[in-house]
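Undergrad: need the 3D shape of this:
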Amino acid sequence: MTSTFVHLKLALLRNGLRGSSKRKAAFISSMVFSLLCAALIGLVLAMLRGHAHAGTVVVVLAGILALGWAFMPLFFSAGDETLDPSRLVMLPLRPRPLVRALLVSSLVGTGPLFTVCLAVGSVAAVAHGGAAVAAGVLAVPLLLLVCVALARAVATANVRLLSSRKGRDLAVLSGLLIAVGAQLVNFGSQRLADAGGLTALEPVEAVVRWLPPATAVGMVDSVSAGAYGEAAAQLLLTLAALAGLMWAWERSLTKLMVTPDGSTIAAAGPAREQAAGGGLWRLLPGGRTGTTMQRTLRYAVRDPKAKSAFVTALAIGLIVPVFNALQGTGSVYLACFGAGMLGVQMYNQFGQDTSAFWMVAQTISTKRDAYAELRARALALAVVTVPYTVLVTVATAALVGNWAALPEVLGLALGLLGAMLCTGALASAYYPYSIPSEGAFKNVAPGQAGLAWAGIALGLLSATVLCAPLIALTIWMHVAGLHAALWVLLPAGVTWGLLASWTGLRLAAPKVARSLPEILQAVSKG
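TA: Residues are numbered from 1 along each chain as shown. The predicted structure is shown next:
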C-alpha cells in the first residue's frame, strides 16, 4: 500500500505540470521559488555556526516551522488533494497501514524538501563535535516526521471543515492571514531591534526548546553544550510527540472512515428555524429599508467574498494605526485610515448581488425606489463603520496619549466616511462590475479590471476633494491657535459627512433608475 500511495503522490505532482501553460508556469515557478528560498535560508542558518545566538535562532525557527505545518493546511487545503482522506472511504483499507502509507507519501513534495533544507541548516548551525553531528543526523528526520504528522493530524481532524463552506471561507481569508502575519513580523523585528537584538528572544527560546518538534533541534544544541541528560529528555519528548500525533491521527482517521457524513443522515431533532426578523434584526427599521439592510448585512456574514472584504478592511484599518502607535511612530490622525478602509466597501454595491440583481431591479421603478435602495445599503454599512471608526479613534488616541485631539480626529474620520459613502454610491451607479464567485483572489471579472480601478480611483480622489474644506478648517484652527475650539470639528465633521452622503445618494439614484439593464449586464459577467 505504501508504494502505491507514493506513486499516486508522484502522479499528482506530475499532473501539475500538465494542462494549460499558465498552470504549468505557476506550478514550476512556485516550486522553484520555494526551493530557492529554502536553500538560501538553510545557507544563512549554516553561516550562523559559531554565533552566540545561533541556538536561539534555530530553536525559535523550528517552533515557527511547526506552527506553519499545523495551520497552513487549514487555509490552503486546495493546494494538496491528498489532505482529504474521506475520498478513500469506500476502499477496504485498515487505519494503521493507511496511516503509514499516507505518512510516507506525505514526505514527497516541495514542503518536506523545504523543511529538510531548514532542518539541515539549523543542525549545521549548532552541531559541534562528533556526538552533536550524530544527534543532528537523527534530529533532521525527526523534525520532518513530527511536522508532517502534525499537519496530517490537524488536517484529518478538520477535514469536514476543509470541505465545507467555512473551509472555503478560510481559503478566502488566507490573504488576511498573510497581511496580518507580515505586520506582526515587521512589528516583532522592530521590537527586537529596540530591545537589544536576539538577546530578547532568549526567554522565548528557553520555553520553545522543550516543545516538540523544536526539541529535536534543541537536542543537538544540548549535545554540543555537553548537556547529555537534557538532550536525552528532549529526544524522548520528540519521540513521544511523534507517537502521540500518530495515535491521534489514527483515531481521527478511523472516526472519519466509519462515521456517516452529516449530509447523508437526517438531523437528530426537529429543525429549528429562526424567523427572518427575529433576534437583533428586529432593531432594524421596517419596510424596504430594514429588508435591504438585513440583506446587505447577511451578505457580509455569509458570502465569502463580501466577508473577506469586510474582515480585511476591519483588520487592516485597526492594525495600521495601532501598530504604528505601539512602535512609537503613530499619530492619532492615522485613525482616519480605518474609516477609509471601510468606506471603500460602499463601492460596487450591486456587484455583490451578481446575477441576482435582477430581483432587486424588479423592485425599482422610480428614482425614489433607487434612492431608498442606496440609502438602505449605506445605512447597513454605517451600522458597522460608525462604531468601528469611534473604536479605532479612541484606541489610537489612548495608545498615542493624545486625548485632546480625539474630537477633531473623530470629526475628520466621520467626515471622510460620509464623503466615501457619497462617492461609493456614485461609483456603484456609474462603474458597476462583476465579482466572480470562484477563485479566492479573483475579485474582478475578465475585461472589467479597468472599470473597477477607474471607479475606485476616481471615487477616492473625489472623496479627498470633498473633505478638503474640513481639512482646511482643521489646519486653519491649528495655525490660528484656536486649540480650545477644536472640539467644534466633531459636530462639523458629522454634519459634513451626513450632507455629503445624502448628496451622493441623491445624485446616484437617477442614474441607477435609468440604467438597471446595464447594471444587471455588468454585474452578471462573473
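Undergrad: for the stretch 401-526 of the chain, what spans make up the strands?
TA: Ranges of strands in the stretch 401-526 of the chain, per DSSP state E, counting those that start in this stretch: none exist.
Undergrad: and the helices in it?
TA: Using DSSP state H, counting those that start in this stretch, the helices found in the stretch 401-526 of the chain span residues 406-430, 449-466, 468-479, 489-514, 516-523.
Undergrad: got the CA coordinates for the shortest one in PDB?
TA: Listed in PDB are the C-alpha atoms of helix 516-523, where the atom choice follows Å, rounded to 0.1, in the frame of the first residue of the first chain:
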ATOM      1  CA  LEU A 516     -31.000  49.000 -14.400                       C
ATOM      2  CA  PRO A 517     -30.500  46.700 -17.500                       C
ATOM      3  CA  GLU A 518     -26.900  48.000 -18.000                       C
ATOM      4  CA  ILE A 519     -26.100  47.400 -14.300                       C
ATOM      5  CA  LEU A 520     -27.500  43.900 -14.400                       C
ATOM      6  CA  GLN A 521     -25.500  43.100 -17.500                       C
ATOM      7  CA  ALA A 522     -22.300  44.500 -15.900                       C
ATOM      8  CA  VAL A 523     -22.700  42.600 -12.600                       C
END
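Undergrad: can you tell me how far residue 241 is from residue 137?
TA: Residue 241 sits at a distance of 19 Å from residue 137 (criterion: C-beta to C-beta, to the nearest Å). (Each C-beta comes from the backbone N, C-alpha and C, glycine too.)
Undergrad: who has more neighbours, the two?
TA: With neighbours defined as other C-beta atoms under 10 Å, residue 241 and residue 137 compare such that residue 241 has more, 21 against 12.
Undergrad: that one sits in which helix or strand?
TA: Taking DSSP states H and E as the criterion, residue 241 maps to helix 228-258.
Undergrad: which residues touch residue 332?
TA: 393, 396-397, 400, 402, 405-406, 409 (C-beta atoms under 8 Å, 6 or more residues apart in numbering).
Undergrad: tabulate those residues in a markdown table, adding columns for pLDDT.
TA: A markdown table is the format used below for the contacts of residue 332 (pLDDT from 0 to 100):
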| residue | pLDDT |
| --- | --- |
| 393 | 90 |
| 396 | 88 |
| 397 | 88 |
| 400 | 85 |
| 402 | 84 |
| 405 | 86 |
| 406 | 88 |
| 409 | 90 |
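Undergrad: for these, which one is nearest residue 13?
TA: residue 396 (48.2 Å; C-beta to C-beta).
Undergrad: that closest one contacts residue 319, correct?
TA: No - applying C-beta atoms under 8 Å, one finds residue 396 not in contact with residue 319, separated by 11.4 Å.
Undergrad: neighbour count: the two, which is higher?
TA: Just comparing residue 396 and residue 319: by other C-beta under 10 Å the higher neighbour count belongs to residue 396, 29 against 19.
Undergrad: and that one, what does it touch?
TA: 321-322, 325, 330, 332, 334-335, 409.
Undergrad: now do the phi/psi pair for it.
TA: For residue 396, the backbone dihedrals (degrees, to the nearest 10) come out as phi -70, psi -40.
Undergrad: quick one: which of the contacts of residue 332 is nearest residue 366?
TA: Of all those, residue 393 has the smallest distance to residue 366: 38.7 Å, by C-beta to C-beta.
Undergrad: shouldn't that closest one be in contact with residue 337?
TA: No - when contacts are counted by C-beta under 8 Å, residue 393 is not listed as touching residue 337 (10.6 Å).
Undergrad: summarise which helices and strands the helix holding residue 241 is packed against.
TA: helix 95-106, helix 130-157, helix 214-224 (3 or more C-beta pairs under 8 Å, 6 or more residues apart in numbering; DSSP states H and E).
Undergrad: and the longest one, how far out from the chain middle?
TA: Spelled out, it's helix 130-157. With C-alpha atoms, centre = their mean, to the nearest Å as the basis, helix 130-157 stands 28 Å off its chain's centre.
Undergrad: who does it touch, helix- and strand-wise?
TA: Using 3+ C-beta pairs under 8 Å, 6+ apart: helix 130-157 touches helix 54-75, helix 95-106, helix 110-126, helix 214-224, helix 228-258.
Undergrad: and the second one, what's buried?
TA: The reference is to helix 95-106. Residues 95, 98-99, 101-106 are the ones in helix 95-106 that count as buried (16 or more other C-beta atoms under 10 Å).
Undergrad: in terms of secondary structure, what does it contact?
TA: Counting contacts by 3+ C-beta pairs under 8 Å, 6+ apart, helix 95-106 is packed against helix 2-15, helix 130-157, helix 228-258.
Undergrad: okay if I get those helices as TSV plus mean pLDDT?
TA: Shown next, in TSV, are the helices and strands packed on helix 95-106 (pLDDT from 0 to 100):
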stretch	mean pLDDT
helix 2-15	81
helix 130-157	89
helix 228-258	89
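Undergrad: any idea which of the ones you listed gets closest to residue 41?
TA: helix 130-157 (14.4 Å).
Undergrad: only the buried residues of that closest one, if you could.
TA: 132, 135-136, 139-140, 142-157.
Undergrad: let me know the secondary structure of residue 294.
TA: helix (DSSP: H, G, I helix; E, B strand; the rest coil).
Undergrad: could you point out where this protein is predicted with low confidence?
TA: Across the chain, residues meeting the criterion (pLDDT under 70) sit at 16-23, 26-27, 73-84, 86, 160-201, 260-279, 437-452, 455, 526.
Undergrad: break it down into its domains, please.
TA: For the chain, automatic domain parsing gives the domain ranges 2-260, 283-523.
Undergrad: okay, the ones you listed, which one's buried deepest?
TA: domain 283-523 (a mean of 19; mean count of other C-beta atoms under 10 Å).
Undergrad: please state the offset of it from the chain centre?
TA: 21 Å.
Undergrad: start to end distance for that domain?
TA: End-to-end span of domain 283-523 (C-alpha to C-alpha, to the nearest Å): 31 Å.
Undergrad: so residue 326 is in contact with residue 399, correct?
TA: Yes - Residue 326 lies in contact with residue 399 (C-beta under 8 Å); the separation is 6.6 Å.
Undergrad: tell me which helix or strand comes right after the one helix or strand residue 336 maps to.
TA: Using DSSP H and E, residue 336 maps to helix 335-343. Sequence-wise, the next helix or strand downstream of helix 335-343 (DSSP H and E) is helix 357-361.
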